[in-house]
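**Q** What follows is a predicted structure for the sequence shown.
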Amino acid sequence: MSGVSESGLCPACDSEECTVYRDCKPFNRVSLECLECGFFTYTQVAFNDLAYLNSVREDSDLPPLTTLKELTDDTTTEIISAWVASP
Ligand SMILES: [Zn+2]
């Protein structure tokens, strides 16, 4: 386990019985779980589709893409794909 777990303040009920977990491997993500009211949040792992991505690019004054950039590293692709399949 490469991450760090710490206590935090629940944004929903102000309880201090809230666990915050941060990890940077294989990529940055954070989760939070309140042990009193049940509130939780986590990093969602997915890929945007081309249409949505191009709408965001347009808002950022970037030219539209015709295809999504291919993932080039086999190990990274395998790790990322596992997270997308089962977050
Ligand atoms: Zn709470």
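**A** That came through, no problem.
**Q** Return the residues of this protein in contact with the ion.
**A** With C-beta under 5 Å from the ion as the criterion, the chain meets the ion at residues 10, 12-13, 15, 34, 36-37, 39. C-beta here means a position set from N, CA and C on the backbone, and glycine is covered the same way.
**Q** Just the buried residues of these.
**A** Using 16 or more other C-beta atoms under 10 Å as the burial test, the residues of the chain next to the ion include 10, 34 as buried.
**Q** Tell me which of the residues of the chain next to the ion fall in strands.
**A** Residues of those located in strands (DSSP state E): Cys34.
**Q** mind putting the residues of the chain next to the ion in CSV, pLDDT included?
**A** CSV is the format used below for the residues of the chain next to the ion (pLDDT from 0 to 100):
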residue, pLDDT
Cys10, 97
Ala12, 97
Cys13, 98
Ser15, 97
Cys34, 97
Glu36, 97
Cys37, 97
Phe39, 97
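**Q** separation between the residue nearest to the spatial centre of the chain and Pro26?
**A** What sits nearest the mean C-alpha location of the chain, by C-alpha atoms, centre = their mean, is Thr43, with 3.1 Å. Separation of Thr43 from Pro26 (C-beta to C-beta, to the nearest Å): 12 Å.
**Q** Same check on Ala12?
**A** Spatial separation of Ala12 from Pro26 under the definition C-beta to C-beta is 29 Å.
**Q** who are the neighbours of the worst-scoring helix or strand of the chain on mean pLDDT, in terms of helices and strands?
**A** For the chain, using mean pLDDT, DSSP states H and E, the weakest element among its helices and strands is helix 74-85, scoring a mean of 76. The elements that helix 74-85 packs onto, with contact taken as 3 or more C-beta pairs under 8 Å, 6 or more residues apart in numbering; DSSP states H and E, do not include any helix or strand.
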